[in-house]
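1. Next comes the sequence, and after it the predicted model I'd like to discuss.
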Amino acid sequence: MCDTFVALAPATATGGVLLAKNADTEVNEAQHLLRLPARRWSEGAQVHVTHRVIPQPRETFEVLIDKSFWTYGGEIGVNEHGVAIGNEAVFSNRPSAGDGVTLIDFLRLMLERARDRHEAVAVTTELLAAYGQGGNCEMRGNGHYEGSFLISDRTGALVLETAGGDWATREVAGFASISNAYTIRDDWTATSLDGGAGRVDFAAAVGDPEPSIACGALERRRASHDFLARYQGSIGVRTMADLLRYTGDDGDYHPADGDRATRICMHAGPVETRFWQATGSMISDVRGDSIVVWATATSGPDCSVFKPAFFGVDLPDLGPMPREYDTPGAYWWRHERLHRRVMADYRAIVADLRPEIETLEDGFFAMAETARRGSQAEKAEFVAHCWREADALEARWLARLENRPYHFSRADYGAMWHRFNSAASLELR
């Protein structure tokens with residue numbers, strides 16, 4: 001269960017386009033940040049997406065993507081042309097048609113093949129017509145979802161919602177957010193549905209509202225919309241980072257409370273309906289031809305640092321692709337040692353840790369204004385500096401927390417974490 005947001009001029013402080021998302025997946029579903037280079041392909045080349053084999057185009061673009069280790073596609077990404085996309089699982093009244101292209105695959109395919117948001121829609125609608133969508137989208141389960149997408153480019157953004165082979169789009173004005181529910185009604189820009197003499201209500205025609213209510217989608221979308229409205233006209237990278245960490249304005253929030261996932265910064269809870277967490281976060285900052293991507297490459301945005309990436313610049317060494325168990329050398333699992341200790345005493349630790357993180361990030365955000373205009377070598381030096389400083393902050397905090405007992409005040413919450421740690425062969429004491 002996820003949330004994606006976008007802000008356009010004049011809602012942004014710089015006049016640029018900002019798109020951000022938390023990837024919310026199963027607790028041990030490790031994510032990996034990848035830079036996929038642009039490539040030329042031979043005539044007749046094929047690509048194996050998660051459940052199908054489909055034709056590869058002659059050219060694919062450079063992409064930065066955050067993805068689960070077991071999928072072809074990803075949760076959020078940006079390409080060299082400034083196309084940024086976040087996807088959401090939505091629930092339709094259509095029967096499953098078997099294995100097709102999944103919403104996770106569509107995100108990567110759009111990024112690899114589209115120069116703008118309209119080409120991205122064409123990529124998906126053509127693939128829907130040829131191969132349909134469907135197939136398991138859960139690491140441990142057998143969940144079949146439809147896809148909703150927030151797609152931005154250098155000049156604007158749109159929402160694309162799908163149900164089986166049908167789809168609808170709506171252009172964004174100012175800012176917008178999506179969650180795990182259909183949002184396009186009769187305000188669509190384009191749709192595949194035939195409404196006869198009138199304008200069809202897409203959400204009413206295709207949606208199954210009960211799963212969206214059960215997963216807290218309506219509360220989360222309302223929270224993200226209201227947050228952006230509060231800062232309209234001055235939305236920046238800091239605003240988006242704060243929103244990705246937002247747990248509401250009530251000061252007594254604790255991750256263990258509640259039986260539905262109603263917070264933007266999603267933490268796992270001790271009931272089966274909440275065995276999900278924010279496992280990766282990304283912010284795209286596109287201003288004409290200048291693109292900066294900010295990614296955590298780790299779970300728990302409120303105990304992670306947003307770090308920069310540029311196209312044409314190698315990412316730091318993030319180790320091997322992580323698995324669902326503690327993977328030696330994997331960047332994501334190294335951070336989990338800190339993240340899961342933070343969860344043991346969440347309120348006290350985050351109150352001290354988050355101000356340090358934000359101070360470091362504010363320095364990065366300020367320096368990026370110069371770095372984004374620099375040479376590739378200067379960008380590479382800036383990336384290396386920021387990731388090094390972020391890693392040093394996390395190492396200091398991990399050393400501090402390792403001197404404390406790994407103890408949970410709530411037995412049910414502690415039992416949940418010990419269960420997931422054991423499943424991942426992650427030893428914390």
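-> Thanks, I have the structure now. Note that the structure is a prediction, hence the values are computed from the model and not measured.

2. Any stretches of the chain with poor pLDDT?
-> 136-137, 139, 142-143, 196-197 (pLDDT under 70).

3. What is the subsequent helix or strand relative to the longest strand along it?
-> Counting residues, the longest strand found in the chain (DSSP state E) is strand 276-287. Using DSSP states H and E, the next helix or strand after strand 276-287 towards the C-terminus is strand 290-295.

4. hmm, who's touching that next one?
-> 33, 64, 66, 78, 80, 82, 237, 241, 280-285, 306-311, 368, 371-373 (Cβ atoms under 8 Å, 6 or more residues apart in numbering). For glycine as for every other residue, the C-beta is placed from the backbone atoms N, C-alpha and C.

5. redo that, cut-off 7 Å
-> 33, 64, 66, 78, 82, 237, 282-285, 306-311, 368, 372 (Cβ atoms under 7 Å, 6 or more residues apart in numbering).

6. How about stretch 95-113?
-> Contacts of stretch 95-113 (Cβ under 7 Å, 6+ apart): 49-52, 57, 60-61, 63, 65, 71-74, 77, 79, 83, 85, 87, 89, 120, 123-124, 127, 131-135, 137, 144-147, 149, 164.

7. other SSEs contacting the longest strand of the chain?
-> Counting contacts by 3 or more Cβ pairs under 7 Å, 6 or more residues apart in numbering; DSSP states H and E, strand 276-287 packs against strand 17-26, helix 237-244, strand 290-295.

8. Please identify the buried residues of stretch 414-426?
-> 414, 416-417, 420-421, 424, 426 (16 or more other Cβ atoms under 10 Å).

9. check contacts around the residue nearest to Arg429 when sequence neighbours are not counted.
-> Spatially, and ignoring its direct neighbours in sequence, Arg429 is nearest to Tyr406 (5.5 Å; Cβ to Cβ, 6 or more residues apart in numbering). For Tyr406, the contacting residues are 341, 344, 428-429, by Cβ under 7 Å, 6+ apart.

10. Check the secondary structure at Tyr406 for me.
-> coil (DSSP: H, G, I helix; E, B strand; the rest coil).

11. That one and Leu109, how far apart?
-> Applying Cβ to Cβ, to the nearest Å, the value for Tyr406 to Leu109 is 42 Å.

12. Show me the two of the contacts of Tyr406 that sit farthest apart.
-> Maximum pairwise distance among these (Cβ to Cβ): 11.3 Å, between Ala344 and Arg429.

13. Tell me which of those two has more neighbours.
-> Ala344 (19 against 6; other Cβ atoms under 10 Å).

14. Return the residues in contact with the more buried one.
-> 406-408.

15. about what we covered before: kindly present the helices and strands packed on strand 276-287 as a markdown table, with separate columns for distance to Phe227 and mean neighbour count.
-> Formatted as a markdown table, these follow (distance: least, Cβ to Cβ, whole Å; neighbours: other Cβ atoms under 10 Å):
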| stretch | distance to Phe227 | mean neighbour count |
| --- | --- | --- |
| strand 17-26 | 11 | 27 |
| helix 237-244 | 5 | 23 |
| strand 290-295 | 18 | 23 |
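
16. what's Val200 sitting at in phi/psi?
-> phi -70, psi 140 (degrees, to the nearest 10).

17. actually Gly236, not the one I wrote
-> phi -130, psi -170.

18. who's in contact with it?
-> 12-14.

19. and what of Asp201?
-> Asp201 neighbours (Cβ under 7 Å, 6+ apart): 185-186.

20. For it, give me the backbone phi and psi.
-> phi -90, psi 100.

21. All the helices of the chain, in order from the start?
-> For the chain, the helices defined by DSSP state H occupy 103-113, 117-131, 202-206, 209-214, 217-230, 237-244, 331-344, 346-371, 376-402, 411-423.

22. any chance of those in TSV, plus distance to Asp302?
-> Shown next, in TSV, are the helices of the chain (distance: least, Cβ to Cβ, whole Å):
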stretch	distance to Asp302
helix 103-113	24
helix 117-131	30
helix 202-206	32
helix 209-214	25
helix 217-230	15
helix 237-244	9
helix 331-344	8
helix 346-371	6
helix 376-402	13
helix 411-423	16
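
23. Of these, which stretch is the most buried?
-> helix 103-113 (a mean of 26; mean count of other Cβ atoms under 10 Å).

24. From His51, how far out is Gly198?
-> 37 Å.

25. repeat for Arg238
-> From Arg238 to His51 the distance is 39 Å (Cβ to Cβ).

26. now do Leu34
-> For Leu34 relative to His51 (Cβ to Cβ), the value is 20 Å.

27. Same question for Gly16.
-> 36 Å.

28. Just give me the neighbour total for Asp302.
-> 23.

29. so who does the nearest residue to it once chain neighbours are set aside touch?
-> Among residues not flanking Asp302 along the chain, Arg245 sits closest, at 4.4 Å (Cβ to Cβ, 6+ apart). For Arg245, the contacting residues are 265, 301-302, by Cβ under 7 Å, 6+ apart.

30. again, but for Arg263
-> Here Arg263 is in contact with 247-248 (Cβ under 7 Å, 6+ apart).
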